[in-house]
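Peer 1: got a sequence here, can you build the structure:
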Amino acid sequence: MSKFSGAALFVLFLVAFGLLKQPVLSKPAYATPPKGGGATCSADPTLSKALLREGKRLGIALLAGSPELPGKDASYRAEHGRLGTITIKQRPMSAEVRCLLISHEFIHVLQHLYGNLKGVPPLGWGVSSEQLERSGVLQEAEAYGYQNQAGYVLELLKATPKTR
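Peer 2: The predicted structure follows:
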């Protein structure tokens, strides 16, 4: 007597012969901007720990050290076709500043995911001309403009299926 039911054997047959594809896990709507009112670094700086846990789950390399960009406390290095590396400078800072820094880099991760791991386009969350002028680059302006919205960033990361 077989351990498998007729239906289970039929499904195995379909999978074996490529007639039934694995379900495609859908990505969250990265381009949908935060609506406000969510958890922020200002109110809950411990969100940084949850962001780092999600990054680890997704396979992002997290390093302590000197970021590649001079004068920066953190950086995200995007890799073509796969998630990259976040490097964080180890220096004294308040829990809120650390949370903002980590959330900022994870916005770049979201931009990379939005670009299908081939580029790092802006999400289109909208930034003020002042933010854009201050950073000079739309991706940076977006990350600076929304880095306090760590709860929303975390929500999008949690909804992201792990890539290969």
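
Peer 1: I'd say Met93 and Cys99 touch.
Peer 2: No: in this structure, Met93 is not within contact of Cys99 by Cβ atoms under 8 Å, at 9.6 Å. Yep, even glycine has a C-beta here, placed from its N, CA and C like the rest.

Peer 1: quick one, which of the two is more surrounded?
Peer 2: Cys99 (25 against 14; other Cβ atoms under 10 Å).

Peer 1: could you report the pLDDT at that one?
Peer 2: Cys99 is assigned 98 on the pLDDT scale.

Peer 1: likewise for Leu14?
Peer 2: Per-residue confidence (pLDDT) for Leu14: 50.

Peer 1: got it, and Glu133?
Peer 2: With respect to pLDDT, Glu133 scores 67.

Peer 1: go on, Gly37?
Peer 2: Gly37 is given a pLDDT of 80.

Peer 1: and the contacts of stretch 71-81?
Peer 2: 67-69, 84-89, 91, 93, 101-102, 104-106, 108-109, 112, 117-120 (Cβ atoms under 8 Å, 6 or more residues apart in numbering).
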